[in-house]
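Visitor: take a look and give me a structure for this.
(one chain, ligands or ions: 2)
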Amino acid sequence: MGSMGDWPEPVVCVQSLSESGNHVIPDQYIKPPPERPSTCNLTDTNIPIIDLAGLVDSREETMSRILEACREWGFFQLVNHGVKTDLVDRVREIWREFFHEPMDVKKKYANSPKTYEGFGSRLGVEKGAILDWSDYYYLNYHPFGHTKWPADPPYLRDVMEEYSKEILRLGEVLLKVFSRNLGLKEDCLQNAFGGKDAGACLRANYYPKCPQPDLTLGLSSHSDPGGMTFLLPDMRVSGLQIRKDDQWITVKPEPNGIIVNIGDQLQVLSNAIYKSVEHRVVVNPDEERVSLAYFYNPRNDMLIQPVSELVTSNRPALYPPMTFEEYRRFIRTKGPKGKLQVDSLKSQN
Ligand code: OGA
Ligand code: NI
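Guide: Ligands and ions are numbered 1, 2, ... in the order given. Down below sits the predicted model:
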């Protein structure tokens, strides 16, 4: 395993591979057969759709729909969330523009595994690991003082500041609902996240066209390590799949919807009443795909463990206490390897 200081091998930008015109992808991107998209069952249902305006109009029904989504699916699409359509569209376009900048502009922001901030093409530092077919830009937004914003496109920062405020607002709204739905005081989960110091960071994902999409993945199966994630999918091309039982569901994005999913820290805090579900991204031979994942997380030094009200003699604490920082360091070393991460943590303690 490489150290956390630098990448174990020279980083290859996936966009360059895609644009090379080669019809064969390098071996390092070829997944073992059981992980390939073609060898898995697909099913045609969609994840629940939650109308957030219902919190005012039909509160009880909306609360119970959210509860079911958190328990059974770990995923839902939020509509009527109050973020203006125009802003959402600008956010999507701005990252597409960024990824279309010349390579030398993007390379100025090349990241290292120490913080991951900036432009990158790899998650995890294990030498010889099988890689994913994507590039990304990772940023810390809150509560950190300085953020490594790209200077181009020039209005990226303003648009993202505006959108980030909306994400922080939605994070607070949903944590209240999630708390109430567990029978807890409304501010319980927000306090567990560190109150106003809850963290927010984002990853814009760029999945270039891939000549052999059946052999690889844009993003390997993983669960999100943080609190919850707000995802803006690409409206032109699908790609996100979530695991439900032994099948994969391809998410069909709702117009102006934001996809929300429960992360590992909410699974731990809820003592596994809420599920942090595995998901992955498949790539496409004809279309590139751009998405923006916004992660709403506990403050780094918060000790995360099942909320005491949810621990009973019938249902003991399923997870040992661990700070979010410790947990994240583990995940960042290993890369996106799905729920195995959580399970191996449990057996270490
Ligand atoms: C992620 C993620 C899904 C997508 O960034 O963690 O799951 O559709 N992204 O890009
Ligand atoms: Ni994810």
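Visitor: nearest residue to the closest residue to ligand 1 within the stretch 101-250 of the chain in space, please, no chain neighbours.
Guide: Ligand 1 sits closest to residue 240 of the stretch 101-250 of the chain, with a gap of 3.7 Å, by C-beta to the nearest ligand atom. (C-beta placed from N, C-alpha, C; glycine too.) Closest residue in space to residue 240, ignoring its immediate chain neighbours: residue 251 at 4.6 Å, by C-beta to C-beta, 6 or more residues apart in numbering.
Visitor: ok, then the element right after the helix or strand where residue 220 lies?
Guide: Applying DSSP states H and E as the criterion places residue 220 in strand 219-222. Using DSSP H and E, the helix or strand that follows strand 219-222 in sequence is strand 228-232.
Visitor: CA atoms of stretch 168-177 as CSV?
Guide: Provided in CSV are the C-alpha atoms of stretch 168-177 (Å, rounded to 0.1, in the frame of the first residue of the first chain):
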residue,chain,number,x,y,z
LEU,A,168,-26.5,23.3,3.9
ARG,A,169,-30.2,24.4,4.3
LEU,A,170,-31.5,21.1,2.9
GLY,A,171,-29.0,19.1,5.1
GLU,A,172,-30.5,20.8,8.2
VAL,A,173,-34.1,20.3,7.1
LEU,A,174,-33.5,16.6,6.4
LEU,A,175,-31.6,15.9,9.6
LYS,A,176,-34.6,17.3,11.5
VAL,A,177,-36.9,15.0,9.6
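Visitor: so which helix or strand takes in the nearest residue to residue 311 once chain neighbours are set aside?
Guide: Nearest residue to residue 311, sequence neighbours excluded (C-beta to C-beta, 6+ apart): residue 317, at 4.8 Å. Following DSSP H and E, there is no helix or strand that holds residue 317.
Visitor: so who does the nearest residue to residue 275 once chain neighbours are set aside touch?
Guide: Leaving aside its chain neighbours, residue 275 sits nearest to residue 74 (4.0 Å; criterion: C-beta to C-beta, 6+ apart). By C-beta atoms under 8 Å, 6 or more residues apart in numbering, the residues touching residue 74 are 242, 261, 262, 274, 275, 276, 277.
Visitor: also near ligand 1: which of those, exactly?
Guide: By C-beta under 6 Å from any ligand atom, no member of these lies near ligand 1.
Visitor: closest to residue 227 among those residues?
Guide: Of all the contacts of residue 74, residue 262 has the smallest distance to residue 227: 8.3 Å, by C-beta to C-beta.
Visitor: low-confidence ranges, the chain, go.
Guide: For the chain, the stretches with pLDDT under 70 are 1-4, 39-43, 145, 334-349.
Visitor: and the residue lying farthest from the centre of it, how far from ligand 1?
Guide: Here the centre of the chain is the reference, and by C-alpha atoms, centre = their mean the most remote residue is residue 313, at 33.5 Å. From residue 313 across to ligand 1, the span is 36 Å (C-beta to the nearest ligand atom, to the nearest Å).
Visitor: what about that residue, which SS state?
Guide: Of the three states, residue 313 takes coil according to DSSP: H, G, I helix; E, B strand; the rest coil.
Visitor: phi first, then psi, for it.
Guide: Taking degrees, to the nearest 10, you get phi -70, psi -30 for the backbone angles of residue 313.
Visitor: cool, and residue 203?
Guide: phi -130, psi 120.
Visitor: next one: residue 322
Guide: phi -160, psi 140.
Visitor: for residue 67, same thing?
Guide: For residue 67, the backbone dihedrals (degrees, to the nearest 10) come out as phi -60, psi -50.
Visitor: how much space between the nearest residue to it once chain neighbours are set aside and residue 259?
Guide: Of all residues not flanking residue 67 in the chain, residue 181 sits nearest, at 4.3 Å (C-beta to C-beta, 6+ apart). Residue 181 sits 19 Å away from residue 259, going by C-beta to C-beta, to the nearest Å.
Visitor: for residue 51, grab phi and psi.
Guide: Residue torsions, per degrees, to the nearest 10, at residue 51 are phi -90, psi 110.
Visitor: er, residue 96 I mean
Guide: Phi and psi for residue 96, reported as degrees, to the nearest 10, are phi -60, psi -40.
Visitor: how many residues are close by it?
Guide: By the criterion of other C-beta atoms under 10 Å, residue 96 has 16 neighbours.
Visitor: quick one: the closest residue to it other than its chain neighbours from ligand 1, how far?
Guide: In this structure, residue 96 finds its nearest non-sequential neighbour in residue 290, 4.8 Å apart by C-beta to C-beta, 6+ apart. Using C-beta to the nearest ligand atom, residue 290 is found at 8 Å from ligand 1.
Visitor: that concludes my questions; thank you for your assistance.
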